[in-house]
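In: 3D model of this:
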Amino acid sequence: METYKGTVLLVEDNIDLNQANARALELRGYEVYTAMTIEKARGHLSFINPDIILLDVMLPDGNGFDFCKEIRGATQAHILFLTAKATHEDMMQGMSIGGDAYITKPFHPEEMLVKVDAAMRRHGTDTVQMIKKGNLTLDVMAIQAFDNDESLGLTPTEFSLLLLLVKNEGHHVNSDFIYETIWNSPFISDKNALQTAISKLRRKIEPTGYTISVLRGQGYLFENIAEKY
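Out: This next block holds a predicted model:
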């Protein structure tokens with residue numbers, strides 16, 4: 001597991017999703033408390049002070065919106081709603097009662113991790129939400145990258161990979177670290193998944209003036225095309 005990043009309370013009544021998402025968060029470096037009901041979540045909050053609360057909207061013993069209103073005045077945690085209902089009205093309701101963001105079901109675990117990481121940075125001292133590199137812009141909260149104002153159409157995994165490389169600009173990032181950070185699993189022998197992802201990502205970002213270079217034995221490097229030649 002990575003170095004401790006913070007504490008997350010995960011309130012999700014689907015046992016498979018609860019366990020899978022908790023495991024992904026733990027591998028990312030978070031201490032995770034899980035609950036499948038509001039009653040259990042309320043019990044956790046009587047003795048922990050989480051940094052992030054991932055809160056399902058539809059729970060067996062109540063509504064996540066109502067629970068958010070109940071606890072908002074007692075916690076400074078960032079509250080991210082987990083919901084299949086993501087209409088404009090739902091979002092406005094969630095924001096008006098103290099929610100901070102939505103994660104729309106079904107979602108890839110990496111999308112959840114990126115949004116939790118971003119919320120954790122806002123909870124702490126790092127308030128960076130937008131990263132600009134020339135024509136390339138990364139919107140961390142929206143999990144999107146743009147060439148000027150045009151979306152590059154990155155998948156959540158591609159965005160996470162790009163964000164990792166941009167944050168390490170000027171340094172090669174090796175395959176082991178990428179696999180452990182992005183896929184939450186050790187790099188064993190399957191090089192194709194990473195190579196394919198890098199190839200697709202490179203094609204998408206090169207119109208912005210940046211590329212991803214490969215140096216055998218050292219890893220992958222995010223760099224400006226003009227400075228490369």
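In: could you check how far residue 225 is from residue 165?
Out: Here the criterion is Cβ to Cβ, to the nearest Å. By it, residue 225 lies 14 Å from residue 165. Quick note: C-beta positions are derived from backbone N, CA and C, even for glycine.
In: of those two, give the one with the bigger neighbour count.
Out: Between residue 225 and residue 165, counted using other Cβ atoms under 10 Å, the more crowded position is residue 165 (23 against 14).
In: now do the strands in the chain.
Out: Ranges of strands within the chain are 6-11, 30-35, 52-56, 58-59, 62-63, 78-83, 101-104, 130-133, 136-139, 144-147, 150-151, 210-215, 219-224, based on DSSP state E.
In: winner for burial among those strands?
Out: Using mean count of other Cβ atoms under 10 Å, the stretch among these with the greatest mean number of neighbours is strand 52-56 (a mean of 26).
In: hmm, back to that, can you redo the strands of the chain as TSV, where the extra columns are distance to residue 44 and mean pLDDT?
Out: Converted to TSV, the strands of the chain look like this (distance: least, Cβ to Cβ, whole Å; pLDDT from 0 to 100):
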stretch	distance to residue 44	mean pLDDT
strand 6-11	6	92
strand 30-35	5	91
strand 52-56	10	95
strand 58-59	14	94
strand 62-63	15	93
strand 78-83	14	89
strand 101-104	20	82
strand 130-133	33	86
strand 136-139	32	90
strand 144-147	33	91
strand 150-151	38	92
strand 210-215	41	92
strand 219-224	39	92
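In: tell me which of those sits nearest to residue 200.
Out: Of all those, it is strand 210-215 that lies closest to residue 200, at 10.5 Å by Cβ to Cβ.
In: so how far is the closest one from its chain's centroid?
Out: Using Cα atoms, centre = their mean, to the nearest Å, the distance from the centre of strand 210-215 to the centre of the chain it belongs to is 24 Å.
In: mind giving me the packing neighbours of that strand?
Out: Contact analysis of strand 210-215 by 3 or more Cβ pairs under 8 Å, 6 or more residues apart in numbering; DSSP states H and E lists helix 192-205, strand 219-224, helix 225-228 as its packing neighbours.
In: done for today, thanks.
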